[in-house]
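In: heads up, no residue letters with this:
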């Protein structure tokens, strides 16, 4: 089994005021534990999440945190929670 993560999960996870924040926390912990198998997301979802974080919330720190969820950080020992799929003509 695997799971595809869309924008809403990432936005809710980094935004404590989001009505779905608590559920996003649970989902991310379950994903990290391997409950759903490998997680997947796309570069389109990354773009949309960063745009919502920057434009909608006007918070660079929220955008950086969201980006770390996608890409991870060896320096900060943060694993990427999902594999990033690049959408191109071969994907469609």
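Out: Great, that's in hand. Since this is a predicted model, take the numbers as computed values, not measurements.
In: Strands of the protein, residue ranges please.
Out: Per DSSP state E, the chain carries strands over the ranges 3-4, 39-42, 83-85.
In: Give me the buried positions along stretch 35-55.
Out: Within stretch 35-55, the residues scored as buried using 16 or more other CB atoms under 10 Å are 39, 41, 42, 45, 46, 48, 49, 50, 52, 53. All C-beta spots, glycine's among them, are computed from the backbone N, C-alpha and C.
In: Among those, name the ones in helices.
Out: In helices, judged by DSSP state H, the following of the buried residues of stretch 35-55 are found: 45, 46, 48, 49, 50.
In: Out of the buried residues of stretch 35-55, which is nearest to residue 13?
Out: Nearest to residue 13 among the buried residues of stretch 35-55 is residue 49, at 9.6 Å by CB to CB.
In: one step back: any chance of the ones in helices among the buried residues of stretch 35-55 in TSV, plus pLDDT and distance to residue 58?
Out: TSV is the format used below for these (pLDDT from 0 to 100; distance: CB to CB, whole Å):
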residue	pLDDT	distance to residue 58
45	93	21
46	91	19
48	92	16
49	88	15
50	87	13
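In: of those residues, closest to residue 66?
Out: Looking across those and measuring by CB to CB, the closest to residue 66 is residue 49, at 5.0 Å.
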